[in-house]
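Q: below are the sequence and a predicted model; questions follow.
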There are 2 protein chains.
Amino acid sequence: MLEVIVQVFTDHGYDASSLGMIADRLGLSKSAVYHHFASKSEMLEIALQRVLGELERVFDEAEAQSDDAVLQIRSIVRNAVLVACAQQSYLTLLLRLHGNSDVELRALERRRALTARLREMFVQARADGALRDDLDPGLAARFTFGLVNSLVEWYRPDGPDTPEELADAVLGYVRTGLRVNEVRDFR
Amino acid sequence: MLEVIVQVFTDHGYDASSLGMIADRLGLSKSAVYHHFASKSEMLEIALQRVLGELERVFDEAEAQSDDAVLQIRSIVRNAVLVACAQQSYLTLLLRLHGNSDVELRALERRRALTARLREMFVQARADGALRDDLDPGLAARFTFGLVNSLVEWYRPDGPDTPEELADAVLGYVRTGLRVNEVRDFR
């Protein structure tokens, strides 16, 4: 039910989605929908909690598994790709928030907190000598999330690549890029 | 004027933006707005043409400047970052399209065509031995655009990094990633 609602939100934008549209798509009356959710805002809050809770869990697990910042980052990138594939419409909803309500502002704050946690890991990785020192850790965190998040635009569950294969590909790109320049230097 | 309209579209979503909202934000009457644009759809079309035209020009120039696929890719990444910074709200609009009208579908088709052109350059770069061979050129193109496009989420014209500095940082990430793993291998 929530999946269908989130699909309406991402098809039309949250602001333009009416309870009538949602009830139609669910094949229910508006009052039947109200039986499950008090308001459109409550639907949004529950949907955002679902993806933000998953992403926070990915960070918590990475920190519980290892003290090594590089291993933590690797674990987060891999598992964030899996979350992006498994919760594609929920993550799309989060990425397209406009910040027009308290629910949206709180979600954006939690999202910023995750970027700050990833940034701290990049700071630590750099201190460990494991991160190139010409890239700001804050930019590294934003670029890395940008790369992972862009998956929601084109990932298809029936596509040629499995989530695990995509996680490997993203991890390869994050670790060593396309290596275009390095190979050129040896030619 | 278009800039303000695009800001309304990105603040509320295109579907939820009414002519009344647009007129209010411009401090004009609805009929004065109609003097400039026949419809909301025309505003959208002109705004999308602006950013898509710029991105197509970036590709055309890269192809005119060099036959070397690696140099073409570098030129495109650098200039696409500059377009993302200069036309942040227009690119945001393009990235958030839902495909609910012919104007939107045509814009999405042009966007896909650009990704296909970048993919072909990665195919050529791989044939030249200048691209790692364990990454699919289609994924490389999507990841690279994903990285560039994510800038619109947080870039601020008054922020600490200039567009040129961000272009250098993105290019560094695309070329050699964070090098996390490579450095680890030498420890």
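A: Thanks, I have the structure now.

Q: separation between residue A:87 and residue B:105?
A: 26 Å (CB to CB, to the nearest Å). Using the backbone N, CA and C atoms, a C-beta is placed for each residue, glycine as well.

Q: give me the more crowded residue out of these two.
A: Per other CB atoms under 10 Å in any protein chain shown, whichever of residue A:87 and residue B:105 has more neighbours is residue A:87, with 20 against 11.

Q: can you pull the contacts of the closest residue to residue A:122 other than its chain neighbours?
A: Nearest non-adjacent residue to residue A:122, counting by CB to CB, 6 or more residues apart in numbering or on different chains: residue A:137, 3.6 Å away. Going by CB atoms under 8 Å, 6 or more residues apart in numbering or on different chains, residue A:137 touches A:119, A:120, A:122, A:123, A:125, A:126, A:131.

Q: local confidence estimate at the second one?
A: Which is residue A:120. Predicted confidence (pLDDT) for residue A:120: 97.

Q: any idea how far residue A:72 is from it?
A: From residue A:120 to residue A:72 the distance is 10 Å (CB to CB).

Q: more neighbours: the two, which one.
A: residue A:72 (23 against 15).

Q: would you mind listing the buried residues in stretch A:65-74?
A: For stretch A:65-74, burial by neighbour count (16 or more other CB atoms under 10 Å in any protein chain shown) applies to A:68, A:69, A:70, A:71, A:72, A:73, A:74.

Q: can you pull the contacts of the second one?
A: Taking CB under 8 Å, 6+ apart as the definition of contact, the neighbours of residue A:69 are A:121, A:122, A:124, A:125, A:128, A:130.

Q: show me where pLDDT drops low in chain A?
A: Counting by pLDDT under 70, chain A has low-confidence residues at A:179-187.

Q: residue A:150: how many residues sit nearby?
A: 23.

Q: do I have it right that it meets residue B:152?
A: No - Residue A:150 lies out of contact with residue B:152 (CB atoms under 8 Å); the separation is 11.6 Å.

Q: may I have whichever helix or strand residue A:70 is part of exported as CSV, CA atoms only?
A: Assigned by DSSP states H and E, residue A:70 belongs to helix A:69-86. The C-alpha trace of helix A:69-86 is given here as CSV (Å, rounded to 0.1, in the frame of the first residue of the first chain):
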residue,chain,number,x,y,z
ALA,A,69,37.6,4.2,8.0
VAL,A,70,38.3,2.7,4.5
LEU,A,71,36.5,-0.6,5.4
GLN,A,72,33.6,1.5,6.8
ILE,A,73,33.4,3.6,3.6
ARG,A,74,33.4,0.5,1.4
SER,A,75,30.7,-1.2,3.5
ILE,A,76,28.6,1.9,3.3
VAL,A,77,28.9,2.4,-0.4
ARG,A,78,28.1,-1.3,-1.1
ASN,A,79,25.1,-1.4,1.2
ALA,A,80,23.8,2.1,0.2
VAL,A,81,23.7,0.8,-3.4
LEU,A,82,21.7,-2.2,-2.3
VAL,A,83,19.3,0.1,-0.4
ALA,A,84,19.0,2.4,-3.5
CYS,A,85,18.0,-0.6,-5.6
ALA,A,86,15.7,-2.2,-3.0
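
Q: packing partners for the helix or strand that it is followed by?
A: For helix A:69-86, the following helix or strand on the C-terminal side (DSSP H and E) is helix A:88-95. Packing contacts for helix A:88-95, counted by 3 or more CB pairs under 8 Å, 6 or more residues apart in numbering or on different chains; DSSP states H and E, involve helix A:2-12, helix A:40-65.

Q: any idea how far the closest residue to residue A:29 other than its chain neighbours is from residue B:125?
A: Nearest non-adjacent residue to residue A:29, counting by CB to CB, 6+ apart: residue A:23, 6.1 Å away. Residue A:23 is 51 Å from residue B:125, where distance means CB to CB.

Q: these two: who's more crowded?
A: More neighbours surround residue B:125 than the other of residue A:23 and residue B:125, with 24 against 17 (other CB under 10 Å).

Q: element containing the more buried one, please.
A: Per DSSP H and E: residue B:125 is located in helix B:102-127.

Q: how far out from the middle of the chain is that helix?
A: Remark: helix B:102-127 is offset 12 Å from the chain centroid, using CA atoms, centre = their mean, to the nearest Å.

Q: in that helix, what counts as buried?
A: Neighbour-count burial for helix B:102-127 [16+ other CB under 10 Å]: B:103-104, B:107, B:111, B:114, B:117-119, B:121-126.

Q: in TSV: those residues, plus distance to residue A:46.
A: Formatted as TSV, these follow (distance: CB to CB, whole Å):
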residue	distance to residue A:46
B:103	33
B:104	29
B:107	32
B:111	32
B:114	37
B:117	41
B:118	38
B:119	38
B:121	43
B:122	40
B:123	44
B:124	47
B:125	45
B:126	45
